[in-house]
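[1] Build me a model:
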Amino acid sequence: MTPKAIYTVIGTVALILGSLFAFQAYKSHKGQVNQLKAQEFKGDADVHVNQAQAIPEHAQELAQAKADVAGARAEVERLRRLVAAQGRARVPDPASDPAPDPAAVATDHRDELLAADVVLIEKQDAQIQTLTLALTDKAKQADEWHAAFDAERKRAMAQEAATAAWKDAVAASKWRGRIEGFAAGIGLGYLGGRLR
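    Prediction:
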């Protein structure tokens, strides 16, 4: 082999090895960057999950408000039945009617009914406020779960990219090792031929 051919082979092998080394280093770096991104997205997902779990459910408050409204509504219905059973009281004529006997006059439940209606309205207002708070918290919780899902999806994509980069780096390392072995074999063969 002529020295020019030897230098050409050595230069070609060095160029290929340098390219493979640079490709391997690039892919290794890319794998590390994507691995760090995956860890960052995992942290974001964990934060959103913790925030979603920290939002109260309001189940007890909703049940209590429902029971309060049901109790107030039952009282209103009871008083409405009493008022309906009273019938219409006629207005007495002071000239012709004698004075009514206080023991014979039935109890008038209309004032109680009005008071019970006011209580019912207050209980319904409280229930509406509790429902509004619960719905607002549910919306916040849904937003947090959605953000956690997005972060977890990004983490999976970054992890997938890191795995692909690591695989490419390993493949480049295998080829570099093969070419180094081939170059070492040629070099040793050449030296062995020269020493004879």
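[2] Where does the residue sitting nearest the centre point of the chain fall, secondary structure wise?
    Central residue of the chain (C-alpha atoms, centre = their mean): Trp145, 1.0 Å from the mean position. Using DSSP states H and E, Trp145 maps to helix 110-195.
[3] elements contacting that helix?
    Using 3 or more C-beta pairs under 8 Å, 6 or more residues apart in numbering; DSSP states H and E, the elements in contact with helix 110-195 are helix 3-54, helix 59-86. For the C-beta atoms, the positions are set from N, CA and C on the backbone; glycine is no exception.
[4] Now do the first one: which elements does it pack against?
    Read that as helix 3-54. Using 3+ C-beta pairs under 8 Å, 6+ apart, helix 3-54 sits against helix 110-195.
[5] What of the shortest one?
    The contact analysis (3+ C-beta pairs under 8 Å, 6+ apart) places helix 59-86 against helix 110-195.
[6] what's the offset of the helix it packs on from the middle of its chain?
    Relative to its chain's centre, helix 110-195 lies at 10 Å (C-alpha atoms, centre = their mean, to the nearest Å).
[7] Tell me what angle it forms with helix 59-86.
    160 degrees (axes from the mean of the first three to the mean of the last three C-alpha atoms, to 10 degrees).
[8] can you tell me which residues contact Ile16?
    Contacts here follow C-beta atoms under 8 Å, 6 or more residues apart in numbering; on that basis Ile16 touches Ile179.
[9] swap in the one 5 residues further on?
    Contacts for Phe21 (C-beta under 8 Å, 6+ apart) come out as Arg176.
[10] how far away is Leu36 from Ala161?
    From Leu36 over to Ala161 the distance is 11 Å, taken as C-beta to C-beta, to the nearest Å.
[11] rewinding a little: redo the helices and strands packed on helix 110-195 as CSV? Include distance to Tyr190 and mean pLDDT.
    Formatted as CSV, the helices and strands packed on helix 110-195 follow (distance: least, C-beta to C-beta, whole Å; pLDDT from 0 to 100):
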stretch, distance to Tyr190, mean pLDDT
helix 3-54, 7, 87
helix 59-86, 83, 92
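[12] Output these in a markdown table, with distance to Arg196 appended to each entry.
    Listed next are these as a markdown table, based on distance: least, C-beta to C-beta, whole Å:
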| stretch | distance to Arg196 |
| --- | --- |
| helix 3-54 | 17 |
| helix 59-86 | 91 |
